[in-house]
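> all I have is the shape, not the residue letters:
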C-alpha cells in the first residue's frame, strides 16, 4: 500500500468545522504531494478553505538561503499576492499581527528525524502563538525519513534548551512531525486546539525510500534521504571548527579539516568497529562555510547497513578520534550559534555538557553510549509511547 501524507489526504479529511476558514500556511520546498504539487497551489485551489497568508521556516519558504543560520525577510508572493512571513529573521515566532487575518494555521513541513532540525521548534513556537491568539492548528503528517522504530542519542536536558532543541527528545527521536506536535501540545500548550491529519500506509519500520513518495530537499544541505540518515550524528560537527561538509556535494557525509591526515584519521576510526559504516579517506575543498577554498583532509562515510548503523554513535566517534589525534588543533566552536549567545554550541546540540566533557577526558565510547541509550530508553518508555499514532 503506497503511503499517503496528510497533504495527500487533506481535501478528503479536512475538518468540517474549518470549512471556509482563513488559513495561514507554514511550508517549505518539500511541502508537496505525491505528484509534486505544492501545498500552496493545492490550498489556493481548495473549495474548503481560503488561503490568507504564508509562513516560512529556516532556509526560506523556497529554500533560497543556502548556508546555515542565514536570516531572511518576508515579502509579498507575486503569484498569489499573499503576504509571506519569515519565521527565521527578526522573529522566529508569529507575531499577533501576522495571525490577525487567519483563523487557523496549517503546518506542512518535512522533518528529517533529528532533534537539531529547527522545523519542529518553529512548529512549537507557532503552536504557542496560536494558543495565545485563540487560533487552531492543523498539522499535516509526513514520514520520518529514518523510520520510527529506532531511537538513539542523548535526551535534551531542559537547562540546554535552544532553537536546536526546545524540549526533551532523544537526538534520533523516531517520531513523525504529527506525533511530535501531539507531544509538544502536552508539554507546552495543552489548551491549544490541535488537529493532526495522519498518513495512510506508513509503518514505523519504513525508511523514506520505502514510501514511494518523492524526496524534495527540505533544506539546501539535505539533498538526499542518505543525508538525513547520517545527520543525527554528523550535525554534532557544527559544534566544532571541523567542516561538516557544507560547501561540498555531500554535506554531513564528508567531513574534515586542513590539519587532518586522512589515512591517519580513518585508521583510528576503524578501531571503534562501528556497525554499518565504512570510512573512505578523502581530500576536499569546501566552496563556502568552514575552511572555504582550503584543502581539507578527512573522510566520507558510507552507510553499508542502515539497520545496524548508529549515526549518533558514529558522530561522537568522529569527534573523539579527531580530539584524541589532534588535541592541540581540535577546537570547539564558540557562541553565538542558532540564537544562543552563552552556552557552547556543542552543548546545546548534545543537550548537555557531559558529552563534551567526556570527549575531553577520553571516556570510553561504549560507556558513553550506554549512558545516552539509558536516557533514550527511559524517554521511550515513559513519554514517547503516549503520543505515537502508528503501529
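Yep, it's here. Please read all numbers here as calculations on a predicted model, not as lab measurements.

> what is the neighbour count of the nearest residue to residue 254 once chain neighbours are set aside?
Distances taken as C-beta to C-beta, 6 or more residues apart in numbering put residue 245 closest to residue 254, at 3.8 Å, once the chain neighbours are dropped. In this view, the C-beta of every residue, glycine as well, is placed from N, C-alpha and C. Residues lying near residue 245 (other C-beta atoms under 10 Å) number 28.

> shouldn't residue 245 be in contact with residue 255?
Yes. Residue 245 lies in contact with residue 255 (C-beta atoms under 8 Å); the separation is 5.6 Å.

> joint contacts of those two?
Jointly contacting residue 245 and residue 255 under the rule C-beta atoms under 8 Å, 6 or more residues apart in numbering are residue 234.

> does residue 84 count as helix, strand or coil?
Secondary structure for residue 84, judged by DSSP: H, G, I helix; E, B strand; the rest coil, is strand.

> okay, and the beta partners of it?
Legend: beta-bridge partners of residue 84 under DSSP bridges are residue 54, residue 75.

> what's near enough to touch it?
For residue 84, the contact set (C-beta under 8 Å, 6+ apart) comprises 53, 54, 55, 56, 61, 74, 75, 76, 77.

> for residue 324, same thing?
Per C-beta under 8 Å, 6+ apart, neighbours of residue 324: 268, 362.

> how close does it get to residue 310?
Residue 324 sits 20 Å away from residue 310, taking C-beta to C-beta, to the nearest Å as the criterion.

> ditto for residue 160
22 Å.

> which strands and helices sit next to the helix or strand bottoming out on mean pLDDT in the chain?
Counting by mean pLDDT, DSSP states H and E, the chain has its least confident helix or strand at strand 75-76, which shows a mean of 90. The contact analysis (3 or more C-beta pairs under 8 Å, 6 or more residues apart in numbering; DSSP states H and E) places strand 75-76 against strand 83-86.

> mind checking what secondary structure the residue nearest the centre of the chain has?
Ranked by distance to the mean C-alpha position of the chain (C-alpha atoms, centre = their mean), the top residue is residue 117 at 2.3 Å. At residue 117, secondary structure determined by three-state DSSP is coil.

> rewinding a little: distance of the residue nearest to residue 254 relative to residue 289?
Noted for residue 245: a distance of 9 Å to residue 289, by C-beta to C-beta.

> for residue 374, same thing?
Per C-beta to C-beta, residue 374 is found 35 Å from residue 289.
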